[in-house]
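K.L.:
Compute the structure for the input listed below.
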Amino acid sequence: MHSSNARYGDPWYDALASGWGEAGGTHVPAAPVPPARREGGTDTAADVYVEVQRSAAFQEVRGRYRRFVVPATSGFLVWYVAYVVTATTAPGLMARPVAGAVNVAMLAGLGQFLTTFLLTWAYARHARLRRDRAALELRWDTQEMTRGARGGAR
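P.N.:
Here you go, the predicted model:
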């Protein structure tokens, strides 16, 4: 059975919720990822994995991952290092009261937690909108190709 003929048990598989699968919130669907499958069989499962790794589909999924993770991680690390450096080099600034017993350091520390939760939410949303479907299709194609390399389903 080919993945193009496969039906998932989920009746909502092809239905997009509001905002899902849209490029940058523009209500334009995200570009599809090309299939990893090529005509003809490969010799071993190792050959299949090397072929999939070199495929445009795999490179697109990895690229989508990197385009989110690298800037998000860099931004968070800069924010964290700025907090630590400010706490050690400018204790007077960090001790400055904001409201009652709440000072700048406490607000910045709570901001670290808030930033962590926001990044977690943004990562999950990005994965759902930009990578999950493409990765599932790639996985399906890889399993099919591996099954073919082993000489059929067991």
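K.L.:
Can you give the contact residues for whichever strand or helix holds Trp121?
P.N.:
Using DSSP states H and E, Trp121 sits in helix 104-126. With CB atoms under 8 Å, 6 or more residues apart in numbering as the test, helix 104-126 has contacts from 68-69, 72, 76, 79-80, 83, 86-87, 93-96, 98. Using the backbone N, CA and C atoms, a C-beta is placed for each residue, glycine as well.
K.L.:
Show only the entries of the residues you listed found in helices.
P.N.:
Phe68, Val69, Ala72, Phe76, Trp79, Tyr80, Tyr83, Thr86, Ala87, Leu93, Met94 (DSSP state H).
K.L.:
possible to save these as CSV with pLDDT?
P.N.:
Below are the ones in helices among the contacts of helix 104-126 laid out as CSV (pLDDT from 0 to 100):
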residue, pLDDT
Phe68, 93
Val69, 94
Ala72, 95
Phe76, 95
Trp79, 95
Tyr80, 95
Tyr83, 95
Thr86, 95
Ala87, 93
Leu93, 92
Met94, 91
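K.L.:
Could you export those residues as JSON lines, including distance to Asn103 and neighbour count?
P.N.:
Formatted as JSON lines, those follow (distance: CB to CB, whole Å; neighbours: other CB atoms under 10 Å):
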{"residue": "Phe68", "distance to Asn103": "34", "neighbour count": "16"}
{"residue": "Val69", "distance to Asn103": "33", "neighbour count": "12"}
{"residue": "Ala72", "distance to Asn103": "28", "neighbour count": "15"}
{"residue": "Phe76", "distance to Asn103": "23", "neighbour count": "15"}
{"residue": "Trp79", "distance to Asn103": "18", "neighbour count": "13"}
{"residue": "Tyr80", "distance to Asn103": "19", "neighbour count": "13"}
{"residue": "Tyr83", "distance to Asn103": "13", "neighbour count": "17"}
{"residue": "Thr86", "distance to Asn103": "12", "neighbour count": "15"}
{"residue": "Ala87", "distance to Asn103": "11", "neighbour count": "16"}
{"residue": "Leu93", "distance to Asn103": "9", "neighbour count": "13"}
{"residue": "Met94", "distance to Asn103": "7", "neighbour count": "18"}
